[in-house]
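>>> Give me coordinates for this.
(4 chains)
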Protein chains: 2
Amino acid sequence: MDANRRTPTSSVELFRWIGWAQMKAGEDWIRERELSHAQSFVLGYLVQNPGAIQRDIAEVSRTSAASVSSLLQGLERRGLIERRTESGNERSKRVFATPAGAELISGFETAMIDAGETILAPLDPAERATLYALLTKITQELPQPTRS
Amino acid sequence: MDANRRTPTSSVELFRWIGWAQMKAGEDWIRERELSHAQSFVLGYLVQNPGAIQRDIAEVSRTSAASVSSLLQGLERRGLIERRTESGNERSKRVFATPAGAELISGFETAMIDAGETILAPLDPAERATLYALLTKITQELPQPTRS
DNA sequence: CTCTAACCATTAGAGATCTAACTGTCAATC
DNA sequence: GATTGACAGTTAGATCTCTAATGGTTAGAG
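Numbering: from 1, shown residues only, chains lettered A, B, ... in the order given. Here you go, the predicted model:
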C-alpha cells in the first residue's frame, strides 16, 4: 500500500493521496459523533430518502441485509432512527431518521465541502476548470458509485 | 453523503467518485483474502519495514497501540506475522511478516496499479500530463499521508 | 384453499476494532 | 539500591460488521 513512499510519481498515487486527505477529514468528523463510516452513510441516506426499506439500504450500501439489520439496531438504540411497518405489508419496514438523527448528521456534507475547498485552494479558476473537465472525462467511463 | 446525486457538479464530488472506484477495487481484493483494510495496510507496511515495533505501526496506522496489539494477534494466529523480542530490550517487540504473509499481500500494489490504469484509460498522454501537473500542485499543499 | 417460492428481515456466532485500565520494562535521579 | 516516571504492550469489555442459518410474510400456481 505504499506505506513508505513520500514522493508519489503517478496520478494514481496522487488520487490515493487526495482521497486519503478527504477521507481523513470525514473520519475525524464521524468519529467525534461516535458513528462508524457505514452508520454515517446510512443516516445521511435516510435523511435524503425517508422511509427507505432495509433491502434498498443494503443495496446502496453495497452490503448484506443482515449487516443493515445490525447497523440499524445500533442507530435505533441511540434514538437516531425509527422503523415502522405499514399495514398491508408486514414484511418490509420503512426506516426514518429521527430529528435527533437528522440533526446529528447535518453538517457532514458542509464539512466535506469545506474540506474540498481546502484541497482545491492551490488552483486558480482556470486550473480548476481544466481539472474539472479531466475528472469528468474520467468518471464518464467509471461505474456509478452507490456509496461515497 | 450525497447518496442520491447521479450527476456530480464539482471536482470535490468527482474526487470522491474516483476515490470510491479505487477503494472498491482494493476492498474486493482484500476481502478475497479475508483481510481487513487495516490488516492489509499493516501487512504491506511490514513487508516494506521488517522488524518495525508496534509503537511505530500504531503511528503510521493512525491508531492506538492497543488496536495494533489486537490486530497483530489476528495476523499472528494465521501465521502471517511473527513477533520477536531482542535481548537487551524486553519491552519492545520487533514484528516481521512471514513468507506466507508476504506472499499473501504481494500483488496488492499490482492490483492497485491495474485499477489506476483502468481509471486513466479515457485520457490521452497530453491530458494525463496536465492532470498529473494539477494533482501535484494540489498535493504539495496537503499534509503528508501516513496511510493510504 | 393450499402449497411453494420468492422476499424481507432477524438472530447466532465469530472476528475486528475501539477505549480504558492494566502489567511489565527501562532510565534517571536521589 | 529505591523511587519515580516514561515507555511498550496487553487485557477486558463494548460495539460494529460479517457469514450462515432461521423466521415470518406475500404472491402466484394449481
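>>> residue ranges with poor pLDDT in chain A?
A:1-10, A:12-13, A:16-25, A:142-148 (pLDDT under 70).
>>> That one: strands as residue ranges?
A:52-53, A:81-86, A:89-97 (DSSP state E).
>>> can you tell me if the last one touches DNA strand C.
It refers to strand A:89-97. Yes - contact of strand A:89-97 with DNA strand C (CB under 7 Å from any atom of the strand) involves A:91-93. Any C-beta I mention is one placed from the backbone N, CA and C, and that applies to glycine too.
>>> thinking again about what came up before, so can I have a markdown table of the strands of chain A showing mean neighbour count?
Output for the strands of chain A, formatted as a markdown table (neighbours: other CB atoms under 10 Å in any protein chain shown):
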| stretch | mean neighbour count |
| --- | --- |
| strand A:52-53 | 19 |
| strand A:81-86 | 14 |
| strand A:89-97 | 15 |
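>>> closest to A:Ile105 out of the ones you listed?
Closest approach to A:Ile105 among the strands of chain A is made by strand A:89-97 (7.3 Å; CB to CB).
>>> For the residue of chain A positioned farthest from its centre, what are phi and psi?
Going by CA atoms, centre = their mean, the residue of chain A most distant from its centre is A:Gly88, 32.7 Å out. With angles defined as degrees, to the nearest 10, A:Gly88 sits at phi 100, psi -20.
>>> and chain A, which residues reach DNA strand C?
Residues of chain A lying near DNA strand C (CB under 7 Å from any atom of the strand): A:31, A:53-55, A:65-66, A:68-70, A:72-73, A:83, A:91-93.
>>> hmm, try it at 6 Å
Residues of chain A lying close to DNA strand C by CB under 6 Å from any atom of the strand are A:53-55, A:65-66, A:69-70, A:72, A:83, A:91-93.
>>> Any figure for the gap between the closest residue to A:Glu82 other than its chain neighbours and A:Ile119?
Excluding the flanking residues, the one nearest A:Glu82 by CB to CB, 6 or more residues apart in numbering or on different chains is A:Phe96, at 4.9 Å. Using CB to CB, to the nearest Å, we find A:Phe96 at a distance of 34 Å from A:Ile119.
>>> so can I have CSV of the strands of chain A showing distance to A:His37?
Shown next, in CSV, are those (distance: least, CB to CB, whole Å):
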stretch, distance to A:His37
strand A:52-53, 19
strand A:81-86, 17
strand A:89-97, 17
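>>> if I pick the closest residue to A:His37 other than its chain neighbours, what's in contact with it?
Ranked by CB to CB, 6+ apart and with sequence neighbours excluded, the top spatial neighbour of A:His37 is A:Ile30, at 6.3 Å. Applying CB atoms under 8 Å, 6 or more residues apart in numbering or on different chains, we find A:Ile30 in contact with A:36-37, A:40, A:108.
>>> Ok, A:Ser11 next?
Contacts of A:Ser11 (CB under 8 Å, 6+ apart): B:116, B:120, B:128, B:131-132, B:135.
>>> Among those, name the buried ones.
Among those, those classed as buried by 16 or more other CB atoms under 10 Å in any protein chain shown are B:116, B:120, B:131-132, B:135.
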